[in-house]
Structure formats: C-alpha cells, structure tokens
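S.K.: after the sequence you'll find the predicted model.
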Amino acid sequence: MISDFPRRAFALLVALVALALPAGALAAPAAPQHAGKNAAKRGTLKQLPGARGCLVDRSTPAKGCGTARALEGPGPFMGSRAIAVSADGKNVYVASSRSNAVAVFRRNPKTGALGQPSGAAGCVAAKGAFECGKAVGLNGPNSVAISPNGRNVYVTSRGSNAVTAFQRNRSTGALHQLPGAAGCVSGVPLPGCATATALLGPDVVVVSPDGKNVYVGSFFGNAVVAFGRDPSTGAIAQLSGSAGCLAEATSGCAVGLALGAPEGMAISGDGKSVYVATALSSAVVVLARDPSTGALTQANGSGCIVDAALAGCTTGLELNGANAVAVSPGDDDAYVTSLFSNSVTSFTRAASSGALAQKEGTSACLVWLRAVGCSFGRALSSPEGLALSPDGANVYTAAFATGAIDVLDRSAESGAVTQKPGLAGCVATRPVPGCTHGRALRGVSSIALSPNGRYLYSTSFGSNAVDIFRRNK
C-alpha cells in the first residue's frame, strides 16, 4: 500500500496533464446562477491559524503546527474512518497506525481547537508506549467509531486482525479497555482476546444508531462481520451462526456478493440499511438490517452495484476501487469515493427498501481529470475519506495522493453534488494548482465534522498530522 506521495512526481503529473488537456479544461466550473453570495461561501473551509490549525506527531518537524503524542501514521491508506468526533463535541479520537495507538484530544467547542491531555488520558497504545494507557490488540489501528450514547469507542486494527472495545469517560474523554476478552476480539488466536469468524484485516467499524450492534468490514476476509453490543457494558460478541458474518466464501458465514475487500461502511439513520464499499469488487453493497436481531441480508439484483458486470448485481459507473461510503442526513442519498476511478459517485436511496439507484446524467459521478458522462472534479486523485455536513449542504472528500480536501455543494432538491468553483473548491498541499493552500495535508485520508457542523477535522498519514478547519455555515 502507498505510504507517502512524492511531491515532485505529482507536480510533474499535473503539469503533463495540463499540457495534454484542451485550454481551459482545468479551469473551475462556473458557479450556479441561482447561488447567492451566502450560498457561495457556505461550506468553505479555513484552516485555523498557527498551532491551532494542525497537530503533528512530536517525532515530526512542526513547521508551524502544534505537537502531540502517539500520532504517527494517522489514517493509513487502508482506513477511511480513522477519526471520530464524540456526539457531545468534547473529544476527537484518532487511529494512529504506526504508533499502534489511539490518540485522544479534548475539543474546545467554541474555537474548534484540540488539546491532548497528559499521560494515559491522552492516548492508549500497545504496551503503553508514548506514556499512554496500555491496550491489547492495537497493532496497526485504522478505524474508530463511537457508540451513540458516548460510553464506548471501538477500534479496528489490521495487524492484529482485531476489534478493541474501550469504555469512554464522558467527562474527560479518557479511554480504558474493557477487561479480559470483552475488550478485544480477533480473527486469529491472540492472547487476551476472544475469537471471531472472518475477521481478517479489519478496515472499518461502525455502530448502529440504536447502539445494539457493531459491524466490521473485513478487508482480507472479504466479509462483513456482525456483533451484538451490550448497551450497559459496551462489550461485543459475534452474532451466532451464519448471522455472524456475510462473506464471499467463508465457512460458517452467510454467502454474499461483491464483498471483495470491504473498505468503507455506513448505516442509514433509520438503522434499516448497511452500505459497504468494496475495493476489490469495485462495488457498493446494499444490506438490509433486522433491527431486532442485527442480522444482515442481501437481496439478489438490488443488493450490489458494481463497476463491471457481475451476475446478481446492477452495473454502475466509476466505482473502480470503491473506498468510502456515506449516507446523507435524512437518508435520501448515498455517496461513494472510488480510489482508481478518482471519483465521487452519487446514489438515490429508496426509503422503503433501502435500495440504491445511481443518479442520472452527469449527476451520477464526479471524476478527476476526465469527465466522459460525468461532471468534472479537481484535486481528486485517490480519494479516501468522505463525510457530509450535518445540515446536508456539503460533501467533503479526502484525496490521499493529491493531499487535498475537496469541497462539494449538495443540491437540497436532487442530492447532486458539484465542486465549488475556484480556490474554494479544495484545500491542498503545495504545489496543487487551483486550491487554497493548507498545511500538513500529505496523505490526507479521513474526515469528520463536529456535531454542529462548524468545524472539520482530518487525518494526514504522510504528515503524521490532524488538521483543523473552520467551516463557513
């Protein structure tokens, strides 16, 4: 997997593409005629000044940023949900793959600034490194999720094939791993952990809105693993029998289609649907969730949309290397980033069944550097992370190779997305043309917004950083 992106090579690529394209092809699209002054500014990002705008691992030259512990390799290439903001807005949690740790930050709700508590309150790590609290199973953590009641945090770790469960102190934000096997579940024998079927290379974790279930995308297991959650303790246990996993070809699991290498996952707000972006199958998979049991089922035909024809699935556009998926507030639409298509694809969701249908015309896809049948996107090379603002007005993507956060406007009527024109359409590292300059954004991969939508937080693997932006509402 990519560990960093050479700036000079990218600059050369951009220059060559600019020469190859027709004059004006890289120009920003014109703003919609109906957009007023306030609409044009809505959703734009401005990085906080100085050390408040970025925190880098203390092993990394700060270059105007603040420093933090246990922040090496945040948001690895396999992991588009490496950062999460608690629902109460008090804390931000980051999965740091090279530190084998989860960094804990206190958040100022007025300014959006982050601060890391000292000692064990500021991080948990394998073997208690970096003066952190000790945790089992944190070998290469890549995804983090918080329970709706704010009492628990769950983390996937690719290296240990594990999901770790933590109790969260809702006053301080500090994390403490649940005791014994309740605190760790692994797909391979691991001291101190329970075992689970099909849990190999877990890449993404989500918690259902009702707090009853935890679901994990198993990248190397080609599966979705389902757990029941104890609402009082936060402990998780794999559902019994074939309900415990849905996989392409794993004994003991229900059989599913287009589940090669799950890398992104989202649950609809009504809790009835689970959507999975699968990188190897180049698909978005649609699963129906039984709220009473947590079991997942896939319908034949409408249960998967794939980039190339596959029996039992619908064929879609620009889904090569599907990476992250997000559902809009109100559950009307779903959006997917795809690594190799360099795209954001848009889907309409059926409220009754949860089925997805790709939008028509150029609203179906926004693509970097080429736009045959799609709308044109800028600074969107190898998109990873994806998030929608709580008000539904904007979609944000993290482009790993470009080192950019793209800012998209979302239509309240159709759900279609368009990139903001000019410098407002992206924040990026130098030398990306046509974007607002941002600091410490190399390998940007995961995005999360504050509950009120006022601030955006991102992880940058190559910069060993967390970046903080104010969002214009």
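M.R.: Sure, I can see it.
S.K.: how about low-confidence regions in the stretch 301-450 of the chain?
M.R.: The model of the stretch 301-450 of the chain has no residue with pLDDT under 70.
S.K.: could you redo the last one with a cut-off of 90?
M.R.: Where the stretch 301-450 of the chain drops to pLDDT under 90, the residues are 301-302, 369-372, 430-431.
S.K.: for the stretch 101-250 of the chain, same thing?
M.R.: Low-confidence segments of the stretch 101-250 of the chain (pLDDT under 90): 180-181.
S.K.: which residues does Gly314 contact?
M.R.: Gly isn't right for residue 314; it's Thr. The contact partners of Thr314, by C-beta atoms under 8 Å, 6 or more residues apart in numbering, come to 301-302, 304-306. Glycine gets a C-beta too; all of them are placed from N, C-alpha and C.
S.K.: same list, these, but as JSON lines with neighbour count, secondary structure and distance to Leu55 please.
M.R.: Formatted as JSON lines, those follow (neighbours: other C-beta atoms under 10 Å; DSSP: H, G, I helix; E, B strand; the rest coil; distance: C-beta to C-beta, whole Å):
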{"residue": "Gly301", "neighbour count": "12", "secondary structure": "coil", "distance to Leu55": "47"}
{"residue": "Ser302", "neighbour count": "18", "secondary structure": "coil", "distance to Leu55": "44"}
{"residue": "Cys304", "neighbour count": "27", "secondary structure": "strand", "distance to Leu55": "39"}
{"residue": "Ile305", "neighbour count": "26", "secondary structure": "strand", "distance to Leu55": "38"}
{"residue": "Val306", "neighbour count": "22", "secondary structure": "strand", "distance to Leu55": "39"}
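S.K.: wait, Cys245 touches Val224, no?
M.R.: Yes - counting by C-beta atoms under 8 Å, Cys245 touches Val224, with 6.8 Å between them.
S.K.: so Val185 bridges to which residues?
M.R.: Taking DSSP bridges as the rule, Val185 bridges to Val163, Ala194.
S.K.: isn't it right up against Gln238?
M.R.: Yes - the criterion here is C-beta under 8 Å, and Val185 meets it with Gln238 at 7.1 Å.
S.K.: these two: who's more crowded?
M.R.: With neighbours defined as other C-beta atoms under 10 Å, Val185 and Gln238 compare such that Val185 has more, 28 against 22.
S.K.: what about the helices in this structure?
M.R.: Secondary structure of the chain (DSSP state H): helices at 7-20, 37-41.
S.K.: pick out the shakiest of these, pLDDT-wise.
M.R.: Among the helices of the chain, helix 7-20 has the lowest mean pLDDT, at a mean of 36.
S.K.: and for Ser352, the neighbour number?
M.R.: Neighbours of Ser352 (other C-beta under 10 Å): 7.
S.K.: common neighbours of Cys245 and Val224, please.
M.R.: Common neighbours of Cys245 and Val224 (criterion: C-beta under 8 Å, 6+ apart): Ser218.
S.K.: before we move on, back to that, from the contacts of Thr314, which single one is nearest Ala39?
M.R.: If you rank the contacts of Thr314 by distance to Ala39 using C-beta to C-beta, Ile305 comes first, at 31.1 Å.
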